[in-house]
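Engineer: Okay, predicted coordinates and the sequence, questions at the end:
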Amino acid sequence: MTDATTIRKAALGAATGFTLGYAAVRALHALRDLRAPYPARAGRDPRRYGAERRALTIAGVVRGFAALATTAFAIADPLDHALRPLPRPLRAPVFALAVLALDTVRDAGADYVEGHVLERAYGTSEQTAGAWLADQAKGTAVGAVVTALLVALADAVVVRAPRRWPLIAIAATPPLLAVATVIVPAFVMPLFNKYEPVTGELEERIRALAARYGVGDAAILRFDMSRQTKKANAFVTGVLGTERIALGDTLVEGFAPDETLFVVAHELGHYVRRDPWLGIAVGTGAIAATLLAADAALRRTTRRGLTSPAQGARLAFYAMAAQLVLLPLTNAVSRAMERRADTFALAATNDRDAGIRAFRRLGEQNLAEFEPPRWSELLFASHPSLASRIRALEET
């Protein structure tokens with residue numbers, strides 16, 4: 001046995017041990033909370049909350065790599081072999097669904113503790129464990145359907161074009177992302193929240209603002225975000241006439257009308273500046289770079305291309321590495337889009353004070369650090385820090 005082989009086996013053993021150990025510890029935490037819920041933390045401390053969230057983000061990256069390495073290099077080949085009696089068109093989607101099921105069971109404790117218990121302990125959510133688990137079940141079901149369809153489609157392309165499949169996948173990405181931005185708001189998001197038109201004086205003010213920019217017919221909706229969290233948020237989604245500006249009820253009820261209007265103007269800025277289309281372009285570029293890099297790594301390390309579901313698992317491992325390298329760049333683009341939307345909101349409302357108050361209220365309600373560490377923002381943040389956004393308004 002060569003030294004390189006010994007090192008690889010030791011690394012894989014360490015990754016598997018870490019993955020299973022982390023899952024076991026979190027499962028014990030989850031069971032303990034279900035028996036006797038963890039108490040709320042004393043006070044609302046955004047620095048402590050931010051530090052804990054950063055630590056979990058880093059742990060999540062390490063855990064993700066370790067888990068995917070275990071799947072790709074320890075589980076994939078035996079699972080692939082067990083599925084060979086199945087017809088070729090079924091092997092890849094069944095393989096993917098089996099991996100999804102294993103991941104869901106393994107990560108259930110961590111997801112519960114880090115996605116539900118922590119938020120409840122810091123007072124940012126009052127969602128019950130049952131409601132949280134119901135949302136998770138819905139998300140897993142949707143993910144399973146999407147995974148099976150996409151993997152079956154991708155496998156058919158690979159079988160017919162074993163060397164050209166990355167180029168075909170890249171060419172198919174923009175229409176797939178465009179379709180997703182139409183389907184998700186109309187059919188997926190209503191599975192988790194109830195969406196209703198904004199009415200009354202606020203609707204009139206928003207319509208008047210939107211009409212100034214030729215988008216008075218955009219759907220402006222309110223959804224019951226308070227089902228999951230006390231945090232406030234709004235977003236814009238959709239293309240090809242399905243654009244929607246959605247406001248959480250936590251925003252509408254917790255912010256003054258002029259503060260809400262500034263937030264809406266920010267979301268309107270995304271709409272007017274065609275940020276959904278820019279997002280599709282950036283997403284396509286990131287997927288292209290990821291697929292090409294992962295395919296090259298797969299061919300270099302295995303001397304084969306994407307010839308089996310097991311090879312697909314190894315491709316996913318290399319793709320995750322490529323995505324992590326690209327993450328600071330894609331986040332930088334996202335932060336630039338957010339700054340541009342802030343500039344638009346200020347020009348549209350001519351209300352600097354409302355914008356400053358809105359950002360401060362967002363920080364208080366979302367328990368957000370106003371000035372997180374710079375390295376954290378550069379690596380992981382899709383939005384600029386609240387402090388920098390406030391300074392930009394004050395200096396304009």
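Structural biologist: The structure has been received and is ready for your questions. Every value quoted in this text rests on a predicted model; they were computed, and no experiment measured them.

Engineer: looking at the sheet around Val236, what are its partners?
Structural biologist: Note on Val236: beta-bridge partners Ile245, judged by DSSP bridges.

Engineer: I figured it hits Val264, correct?
Structural biologist: No: using Cβ atoms under 8 Å, Val236 makes no contact with Val264, being 9.6 Å away. For glycine as for every other residue, the C-beta is placed from the backbone atoms N, C-alpha and C.

Engineer: I figured Gln365 was touching Gly248, is that so?
Structural biologist: No: the criterion here is Cβ under 8 Å, and Gln365 misses it with Gly248 at 10.2 Å.

Engineer: Give the residues shared as contacts by these two.
Structural biologist: 231-232 (Cβ atoms under 8 Å, 6 or more residues apart in numbering).

Engineer: So for those two, which sits in the more crowded spot?
Structural biologist: Gly248 (24 against 19; other Cβ atoms under 10 Å).

Engineer: and the more buried one, backbone torsions?
Structural biologist: phi -70, psi 150 (degrees, to the nearest 10).

Engineer: I'd guessed it sits against Leu221; true?
Structural biologist: No: Gly248 lies out of contact with Leu221 (Cβ under 8 Å); the separation is 10.2 Å.

Engineer: hang on, the earlier thing: which neighbours do Val236 and Val264 have in common?
Structural biologist: Ile245.

Engineer: where in the stretch 1-150 of the chain is pLDDT low?
Structural biologist: 1-2 (pLDDT under 70).

Engineer: Test my guess that Glu394 contacts Ile356.
Structural biologist: Yes: with contacts counted by Cβ under 8 Å, Glu394 reaches Ile356, the gap being 6.9 Å.

Engineer: who has more neighbours, these two?
Structural biologist: Taking neighbours as other Cβ under 10 Å, Glu394 and Ile356 compare with Ile356 leading, 17 against 11.

Engineer: Could you measure from the more buried one over to Glu371?
Structural biologist: Separation of Ile356 from Glu371 (Cβ to Cβ, to the nearest Å): 15 Å.

Engineer: just Phe187 next, same as before
Structural biologist: 39 Å.

Engineer: what do you get for Pro93?
Structural biologist: 46 Å.

Engineer: More neighbours: which of these two?
Structural biologist: Between Pro93 and Glu371, counted using other Cβ under 10 Å, the more crowded position is Pro93 (21 against 14).

Engineer: List the contacts of the more buried one.
Structural biologist: Per Cβ under 8 Å, 6+ apart, neighbours of Pro93: 147-149, 151-152, 155.

Engineer: quick one: buried residues of the helix or strand harbouring it?
Structural biologist: Assigned by DSSP states H and E, Pro93 belongs to helix 88-112. Across helix 88-112, burial judged by 16 or more other Cβ atoms under 10 Å covers 91-100, 104, 106-112.

Engineer: Over to stretch 157-171?
Structural biologist: Those would be 157-158, 165-166, 169-170, for stretch 157-171 by 16+ other Cβ under 10 Å.
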